[in-house]
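J.: Predicted model, plus sequence, below.
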Amino acid sequence: MPTWVQLVYLLCAVGFILALKGLSGPRTARAGNLIGAAAAVVACALPFFYVEGLDHIPLILLAIVVGTVGGVFGARKVQMTQMPQMVALFNGVGGGAAALVALLELEHMVDGVTPGFDLAATAFTIVVGSISFSGSLITFAKLQELMTSRPVVFPGLPVVFGALVLGALALSVLVVTDASVPLGVVLCLVGLAFGVLLVLPVGGADVPIVISLLNAFTGLTVAAGGYILANTVLLVGGTLVGASGTFLTLLMARAMGRSVANILFGALKGGSTLGAGEASDRPVKSAGPEDIAILLAYASRVIIVPGYGLAVAQAQHTLRELVDLLIARGAKVDYAIHPVAGRMPGHMNVLLAEAQVPYEQLVEMDDINGEFKHTDVVLVVGANDVVNPAAKTTPGAPIYGMPILNADEAEQIVFMKRSMRPGFAGIENELLFDPKTTLLFGDAKDSLGKLLKAVETL
């Protein structure tokens, strides 16, 4: 590889680092995203300028066109509520691509000539890339409701899972000692089965954490693939994704008050999200928009707790208008952001940023939890599990131990819900039956519109 090519790849890698840095803040996120995209375009185009005798150019160009069209279509057409599914799908495609590249490289590796570490990196890329691919497809199916989001277990699952682990290790050793494509294909199939069984027992609110974990897997496979191909940009880019995905997984698990092992394997002993998911028929206090408007109009301190239901209803713009009106009337209003609200990390931040909500109004859980006891009204819009007191009071509950927003400490709680169905974790929320809680039933966008008009008339 010519020196100038290596330098350009190094600049692309630096671009990825700057992109990740830019994505750490809302004001620099757009620029960071553009820098990362530009670096990726240059890295993809570079082989056409230095590789002599490049084969299958029409197929390569066709693949680039298909990928570009798919990416543009996804970016423009996929709704915000479906963004986690798209992230899972794209992540899985990345892992699968890395596994296929490693299989193709395995064909050119000769036992006794290829260094053992190269063969080990190849085996790692095949098995982990396959796990990421099949596991991501299952997370996509769960989030898209193509299958149940609850844990799927069957008798003997731990035995089968253990056998796959041992089989993957044995096959990886064989690939290193006696490299061959058939062994690589079998290793790939074992990885695919492993990925399916890894994600099936995960359910409810744990799925976004698994997406982050599989994202880290994909990054590590891309990094290993970069080592195999002696490609700096793949090595650096994959390492960035692997490291950031690992840290994000650990941070999200901490936000859930659970260990990663418990999230992945808790259902095998009945300790994961196993809620019944049925609506309650217990009586609750409900009111119309006019009554809720009175509570809000005369409140001096209001906290908004957004959740997935807000994204489903696409009500973020109407919510921002309501908040702007309350602030204009002299109220202090903030948005309380739980680390795992929505279906992926930062889901609420992105959703509210789309509605031009000032970033200063978005307050993280640790910074706002002490404010609830001094709050007149908490307005919960489409959230459930992140304010469920069962996390603190009910040992054995799927979310027990998860840090939550202390909405129950406010003087009045208003819940905006479509129905009495439980949240994603599938368990009943006792806060709904608290004497301080009032429910406003209906579509969030429609209810917020009525609420906005009612406040304007006061």
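T.: That came through, no problem.
J.: Name the residues of the lengthiest helix in the chain that are buried.
T.: When the chain is parsed with DSSP state H, its longest helix is helix 116-143. The neighbour-count check on helix 116-143 (16 or more other C-beta atoms under 10 Å) flags 118-119, 121-143 as buried. C-beta coordinates here come from the backbone N, C-alpha and C atoms, glycine included.
J.: What of stretch 67-87?
T.: Result for stretch 67-87 [16+ other C-beta under 10 Å]: buried residues 80-87.
J.: Go ahead and name everything in contact with it.
T.: Applying C-beta atoms under 8 Å, 6 or more residues apart in numbering, the contact partners of stretch 67-87 are 90, 140, 143-144, 208, 211, 215, 308, 311-312, 314, 342-344, 347, 350-351, 354.
J.: For the closest residue in space to Ile399 that isn't next to it in sequence, which residues are in contact?
T.: What sits nearest to Ile399 in space, not counting adjacent residues and going by C-beta to C-beta, 6 or more residues apart in numbering, is Ala391, at 4.7 Å. Going by C-beta under 8 Å, 6+ apart, Ala391 touches 257, 385, 397, 399-404.
J.: Just the buried ones out of those, please.
T.: Buried among the contacts of Ala391 (16+ other C-beta under 10 Å): 385, 397, 399-400, 402-404.
J.: which two in these are spaced the farthest apart?
T.: Ala397 and Pro403 (13.9 Å; C-beta to C-beta).
J.: Confirm Leu440 sits in a strand?
T.: Yes. Per DSSP: H, G, I helix; E, B strand; the rest coil, Leu440 lies within a strand segment.
J.: So the most centrally placed residue in the chain: helix, strand or coil?
T.: For the chain, the residue nearest the mean C-alpha position is Met344 (3.1 Å; C-alpha atoms, centre = their mean). The three-state label given to Met344 by three-state DSSP is coil.
J.: could you pull out the helices for the stretch 201-350 of the chain?
T.: With helices called from DSSP state H, counting those that start in this stretch, the stretch 201-350 of the chain shows them at 207-229, 232-256, 260-265, 289-297, 308-313, 316-328, 347-354.
J.: what angle separates the last one from helix 207-229?
T.: Meaning helix 347-354. If you take axes from the mean of the first three to the mean of the last three C-alpha atoms, to 10 degrees, helix 347-354 sits at 90 degrees to helix 207-229.
J.: ok, and what's touching whichever helix or strand comes after helix 347-354?
T.: Later in the chain than helix 347-354, the nearest helix or strand by DSSP states H and E is strand 362-364. The contact list for strand 362-364, computed with C-beta under 8 Å, 6+ apart, reads 334-337, 339, 348-349, 352, 371.
J.: Mind listing what's buried along whatever helix or strand comes next after strand 362-364?
T.: Once the chain leaves strand 362-364, the next helix or strand it forms, by DSSP H and E, is helix 365-368. Neighbour counts over helix 365-368 (16+ other C-beta under 10 Å) mark 365, 368 as buried.
J.: Ok, stretch 109-118 next?
T.: For stretch 109-118, a neighbour-count test (16+ other C-beta under 10 Å) marks 109, 114, 118 as buried.
J.: Repeat that for stretch 5-12.
T.: Neighbour count says stretch 5-12 has 8-9, 12 buried, by 16+ other C-beta under 10 Å.
J.: Quick one: list the elements packing against the helix or strand of the chain with the lowest mean pLDDT.
T.: Here the helix or strand of the chain ranked lowest by mean pLDDT, DSSP states H and E is helix 260-265, holding a mean of 78. Helix 260-265 sits against helix 207-229, helix 232-256, with contacts defined as 3 or more C-beta pairs under 8 Å, 6 or more residues apart in numbering; DSSP states H and E.
J.: and the least confident of the buried residues of stretch 109-118?
T.: Least confident of the buried residues of stretch 109-118 in the model: Thr114, at 74.
J.: my guess is it meets Ala179, correct?
T.: Yes. When contacts are counted by C-beta atoms under 8 Å, Thr114 is listed as touching Ala179 (6.7 Å).
J.: now Pro115: how far from Gly307?
T.: 51 Å (C-beta to C-beta, to the nearest Å).
J.: for Glu105, same thing?
T.: 45 Å.
J.: that older thread, so which of the buried residues of stretch 67-87 comes closest to Ala328?
T.: Met80 (26.8 Å).
J.: Quick check: phi and psi at that closest one.
T.: Main-chain torsions, Met80, degrees, to the nearest 10: phi -60, psi -30.
J.: Next: Gly307.
T.: Per degrees, to the nearest 10, the backbone of Gly307 is at phi -150, psi -170.
J.: Find the nearest non-adjacent residue to it, please.
T.: Here the residue nearest Gly307, using C-beta to C-beta, 6+ apart, is Ala383, at 2.6 Å.
J.: And the one you found, how far from Val340?
T.: Taking C-beta to C-beta, one finds Ala383 at 11 Å from Val340.
J.: Between those two, which is the more surrounded one?
T.: Counted by other C-beta atoms under 10 Å, Ala383 and Val340 do not tie: Ala383 has more neighbours, with 27 against 24.
J.: Verify the contact between that one and Ala311 for me.
T.: No. Judged on C-beta under 8 Å, Ala383 makes no contact with Ala311 at a distance of 10.6 Å.
J.: Surely Val414 is within a helix?
T.: No. Checked against three-state DSSP, Val414 lies outside a helix; its state is strand.
J.: What pLDDT is listed against it?
T.: The per-residue pLDDT of Val414 was computed as 95.
J.: Am I right that Arg258 is in contact with Pro398?
T.: No. Here Arg258 lies out of contact with Pro398, judged by C-beta under 8 Å, at a distance of 9.7 Å.
J.: More neighbours: which of these two?
T.: For Arg258 against Pro398, the residue with the higher neighbour count under other C-beta under 10 Å is Pro398, and the figures read 28 against 23.
J.: what's the spacing between that one and Leu213?
T.: 19 Å.
J.: With Leu322 instead?
T.: Relative to Leu213, and taking C-beta to C-beta, Leu322 is found at 37 Å.
J.: from the buried residues of stretch 109-118, which is closest to Leu192?
T.: Met109 (21.7 Å).
J.: I'd like the distance from that closest one to Ile131, if you could.
T.: 22 Å.
J.: can you check Arg329 too?
T.: 54 Å.
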